[in-house]
Each structure stands twice: as structure tokens, then as C-alpha cells.
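In: next comes the sequence, and after it the predicted model I'd like to discuss.
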Amino acid sequence: MAKLKTLFVCRSCGAVQNRWLGKCPDCGTWDSLEESTQDPNAERDPQAALVGAWAELTEPKGPDEDAGSSSGTKARPIHEIGDDEANIERMSTGIHELDRVLGKSRAGGEAMESAGVVPGSAVLVGGEPGIGKSTLLLQAAASLARRGTRVLYVTSEESASQVRQRAVRLGSQSEKELFLLSDTNLARIVEQARKVMPRVLVIDSIQMIYRSDVPAAPGSITQLRRCASELVYLAKKSGIAVMLVGHVTKDGQLAGPRLLEHLVDTVISFEGERYHQHRVVRAVKNRFGTTLEIGLFEMTGDGLREIPDSAGVSPVSGTEPRIGSVVCPVMTGSRCVLLEIQALTATGFLGAAKRKSSGLDSNRLAMLIAVLEQHAGLRLADRDIFASSVGGLKVTDPACDLALLLAVASAQMRKAIDPATCAIGEVGLGGEIRPASQIDARLLEAARLGFKRVVLARGKGVVAPKGVKVELVQVKNVDQAIEQLG
């Protein structure tokens, strides 16, 4: 038996070093090298060990190809790639919010668009424990099976009876095209995939999958690297869409090296508070679509329920105005979500005032506070200021600057804005209000939800879209915007 070789792998970037170092020379992270062992005989076992024979049997050979090589290993000019290979119709999961995040593409070069999972792709789903990753994927698997798509759901952390109980709660226990396997050995999983021949393979979760010929414990960097690369190779050679569930660390990053994110095609983050109903699904990486789209869900007793448009996140338009609360239409990809931004000011200590934010950029909040002090004459140096976005949605759109500024000013001056008024605009360091992009979509959504007035930046040709009955209040600077309070 060959002697095992000791290596040190960085858990931050996945770099391999021959000896232990206090600081990783590749990414600069301190105390991140972990000891692992490598069997030299493992190099003789190629990556295609579990999939190679299966792929050679299923892939057609051309007349000019060698008998021992597959069509995917031969280089071809790009103009010889047919439309049937470049344009692949996606498989809809039946969950509109999840399909939106996975992306859209044109099928067959025509105007028709398809949304959902790309055949042969690898998708990594990450989120905190108990957030609902298994529930979402089981609902997606059941919906695909209901549409006639064969799905193999592999559970490595639960027994088959436990998954069956969840399926009964979701009403998905009678799907004939949904196959369930409770196993952690990668070789047996691939063999079952060869027998079942699914179009979608779900692995829940990748941290418990192992290869018996790799001398490392399940969940270690060595096992994660090998098993993940093997499953990605399976997806590319067989055309099966592979969906992996990954754990996250205490700071919210995917567990294991960042190599997992580089291997897969799409990385989906499942966010939200465990004790709150709302869940947000966003794409951190997407080779087949944009990363700006988000999916909105609500956790119920019967599983995750989709939240269409802005329902559940948009503020409740009451008759009584509220101090420190301003609404802003926020763009997230191609959709517009009306978001309520709240602010609170309290007595603090000069030189030690608190600036806390939830769902908002804390640096942006500090900048807007400085603008209010310099250009609006508000004394905030000795005030504790707290700001948050309602609904658990993280805001990165600069068009919410004006709404956040007005919320802080409203809380400090004890003057409320009209509840039927929303604000759109970016605030500059000189106190000027700058126009936002995609203004028509924002105005349409605001008018649809019953808002009558919109405070926005002054500009040429700024008019409401045809058929939208909303009053536009154009302001030039911070002083004119604050005049709309109370």
C-alpha cells in the first residue's frame, strides 16, 4: 500500500500547500490551512471513474471520431456548434419565484422564452439551518415530477421515512416520477442515477456525501472537493441537472472552501429570519442568467408559499401617517418591490452616538446623516439613529437614499409624511437629489398599490406614464424634500 501524503488545504480559497503556514500565501487569510491526506493511487483513478463508461454508452459517436473518445472531448470550431446545442430549453420547476431567480433564456432561437433549470447544469443552494432549503427543493422536485419530469431526490441527512413525512405535509407523497434515495456513498448514488435515469438529481446535502477511496471524513475539504467535482462532471456528461444543498458557517458563508462556488454554474442563497415568515431567494452566481432577480416566499404550515408582485412586503397603507416611515419603490432585477423604510432617533452621547441599520448599508446611512447635518441644519451628532427595511429584504438600490433621508428627518423633526406618498431618488454629498433609473416601472408599481404622490428628483421630461394617475412632486435638493414632511 502506498504511503499517504500529507497536504495542507486553505478552507478559504482551496489552495494546496506542502507544509503548514500561518498565513495562506494565495488569499492572505490567517490560520486557514487544514491538514489533509492524499493517496497517490487516487491520481490513477480519473475524475470520470464513476461516469465515464455510462457517458460513452449514452453519447452518440460521429463517423470521424475514435472509438475510445466521446464527442465532448474533441475540439470543434465554434461555427460548427448547432443551435440545438447552444439553445437548450429550460425545465420549469413550477415555482415561478424560483424560476425567476434561476433565469430565463430563449428556446430554439425563437421569441419564446423558457425559465427554470438548465439541463446539465449544477446548482448550489445555501442557507442557514432550518431556513427551508429542504422544503423548497422537495416542493420543486414534486412540482417537476407532477409535470412529467423524473426526479431523483437523495437525502444524506434524513431517513426516507422522514422525507416521506415532509412530502405528506406538502401534499407531494403520490408523485410517481419522484424517486427517493437515502444514502451517503457517491458510488451507490451514481449507480442509482444510472438505473433511474432522472432529468434532475437533488443532493441534500453535499456535506454528508463521501467516496470510500478518499482517506478523509465526510464533510472534509478533500471529500467536498472530490465529490462536488464528480457530481458536476456527472451533470455535464449525462445532461442531468444536479442541485446541491450546502451548509453555511456562522458568518453566513458556504461551508468548506470557496471551491464549491467556482465548480457549480449557479449559487443560490436562501435568506430570511427563522422566526419570521418571509424568505428571500437570490442568485449569488449565475452563468445562465442575471444575479439581480430575487424570489419572495412565505413560510406556512403547508410549506413555502410564493409571494406575487409586492404582496406581503409592501407596506400597509393606513389612514394615519407614521413618523419615521417612508415608502420607496426598489428595483430588484426586472421587478419592482415597494419597501417601507423606518428610522428612529433617540438621545445619545456626543462623540459616542450609535448608527445601526438592518437591511440597509450602514455606510450609506452615515453619509446621509452627514448630509442632513450639513445641508438641512439638523443636529444629529448626539442622537442615536436606527434604520431598517421592513420585510427582511436587503436594499442595495441607490434610489432609496431619498426615502431613508426623509425617514431620519421625520423621526428627528417628529413630522410624518403623507401615507399615500413615496419617495424615489439618489442623494449626493452636495445635498442635491439625483434622478433614479427605470422611473416608469417604479411609478407604475406605486400607482398600482394605491399611492397618489411621488417625491422624486427634478429633471427634464419627467412625466408619469400614460394611464398612471399619480402626482409628481419634483425636488431639487434636500431642503425642498424635507418641506414635504408634515
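Out: All right, it came through fine.

In: ranges for the strands of the stretch 101-250 of the chain?
Out: Under the criterion DSSP state E, counting those that start in this stretch, strands of the stretch 101-250 of the chain are mapped to 104-106, 113-115, 122-127, 151-155, 178-182, 200-204, 241-246.

In: elements contacting the fourth one?
Out: In other words, strand 151-155. helix 133-146, helix 160-170, strand 178-182, helix 186-196, strand 200-204 (3 or more C-beta pairs under 8 Å, 6 or more residues apart in numbering; DSSP states H and E). Bear in mind the C-beta positions are built from the backbone N, C-alpha and C, glycine included.

In: out of those, which one sits most buried?
Out: Mean neighbour count (mean count of other C-beta atoms under 10 Å) peaks for strand 200-204 among the helices and strands packed on strand 151-155, with a mean of 26.

In: before we move on, the earlier item: now the strands of the stretch 101-250 of the chain as TSV including mean pLDDT and distance to residue 190?
Out: Compiled in TSV, the strands of the stretch 101-250 of the chain are given as follows (pLDDT from 0 to 100; distance: least, C-beta to C-beta, whole Å):
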stretch	mean pLDDT	distance to residue 190
strand 104-106	74	28
strand 113-115	80	28
strand 122-127	92	14
strand 151-155	96	10
strand 178-182	95	11
strand 200-204	95	9
strand 241-246	93	11
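
In: so which of those strands comes closest to residue 472?
Out: Nearest to residue 472 among these is strand 104-106; the distance by C-beta to C-beta comes to 32.2 Å.

In: if we can go back for a sec, so which of the helices and strands packed on strand 151-155 gets nearest residue 453?
Out: helix 133-146 (38.5 Å).

In: who are the packing partners of the closest one?
Out: By 3+ C-beta pairs under 8 Å, 6+ apart, helix 133-146 packs against strand 122-127, strand 151-155, helix 160-170, strand 178-182, strand 200-204, strand 241-246, strand 303-306.

In: any idea what the residue nearest to residue 481 when sequence neighbours are not counted is bridged to?
Out: In this structure, residue 481 finds its nearest non-sequential neighbour in residue 475, 4.6 Å apart by C-beta to C-beta, 6 or more residues apart in numbering. Note on residue 475: beta-bridge partners by DSSP bridges are residue 457.

In: from memory residue 475 sits against residue 453, does it?
Out: No. Under the criterion of C-beta atoms under 8 Å, residue 475 makes no contact with residue 453, lying 11.9 Å away.

In: ok, those two, which is more surrounded?
Out: residue 475 (20 against 16; other C-beta atoms under 10 Å).

In: the closest residue to residue 463 other than its chain neighbours: what's it in contact with?
Out: Closest residue to residue 463 apart from its sequence neighbours, by C-beta to C-beta, 6+ apart: residue 472 at 7.3 Å. Residues counted as contacts of residue 472 (C-beta atoms under 8 Å, 6 or more residues apart in numbering) are 453, 454, 456, 462, 463, 464.

In: quick one: residue 472 is in a strand?
Out: Yes. Counting by DSSP: H, G, I helix; E, B strand; the rest coil, residue 472 falls inside a strand.

In: how near is it to residue 447?
Out: To residue 447, residue 472 is 11 Å away according to C-beta to C-beta, to the nearest Å.

In: list residues touching both of the two?
Out: residue 464.

In: hmm, residue 435 is touching residue 460, no?
Out: No. The pair residue 435 and residue 460 fails to qualify as a contact (C-beta under 8 Å) at a distance of 9.7 Å.

In: out of these two, which sits in the busier spot?
Out: Using other C-beta under 10 Å, the more surrounded residue of residue 435 and residue 460 is residue 435, with 16 against 5.

In: CA atoms only for stretch 97-106, dumped as PDB, please.
Out: C-alpha atoms of stretch 97-106 as PDB (Å, rounded to 0.1, in the frame of the first residue of the first chain):
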ATOM      1  CA  GLU A  97     -40.400  32.700  -7.900                       C
ATOM      2  CA  LEU A  98     -37.600  30.100  -8.100                       C
ATOM      3  CA  ASP A  99     -37.700  30.100 -11.900                       C
ATOM      4  CA  ARG A 100     -37.300  33.900 -11.900                       C
ATOM      5  CA  VAL A 101     -34.000  33.500  -9.800                       C
ATOM      6  CA  LEU A 102     -32.700  30.700 -12.000                       C
ATOM      7  CA  GLY A 103     -33.100  32.800 -15.100                       C
ATOM      8  CA  LYS A 104     -34.700  32.900 -18.500                       C
ATOM      9  CA  SER A 105     -33.400  32.000 -22.000                       C
ATOM     10  CA  ARG A 106     -34.800  31.900 -25.500                       C
END
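
In: how far off centre is it?
Out: With C-alpha atoms, centre = their mean, to the nearest Å as the basis, the distance from the averaged C-alpha position of stretch 97-106 to the chain average is 12 Å.

In: again with stretch 450-463
Out: 32 Å.

In: flag every buried residue along that stretch.
Out: 451, 453, 454, 455, 456, 457, 458 (16 or more other C-beta atoms under 10 Å).

In: go on, stretch 476-486?
Out: For stretch 476-486, burial by neighbour count (16+ other C-beta under 10 Å) applies to 477, 478, 481, 482, 484, 485.

In: which of those lies closest to residue 26?
Out: residue 478 (46.0 Å).

In: quick check: nearest residue in space to the closest one, chain neighbours excluded?
Out: Spatially, and ignoring its direct neighbours in sequence, residue 478 is nearest to residue 431 (4.5 Å; C-beta to C-beta, 6+ apart).

In: quick check: the one you found touching residue 372?
Out: No. The pair residue 431 / residue 372 is not scored as a contact, 9.1 Å apart, by C-beta under 8 Å.

In: what's the overlap in contacts for these two?
Out: Contacts common to residue 431 and residue 372, judged by C-beta under 8 Å, 6+ apart, are residue 478.

In: if I look at the residue nearest to residue 160 when sequence neighbours are not counted, how far off is residue 156?
Out: Among residues not flanking residue 160 along the chain, residue 182 sits closest, at 4.4 Å (C-beta to C-beta, 6+ apart). Taking C-beta to C-beta as the measure, residue 182 falls 8 Å from residue 156.
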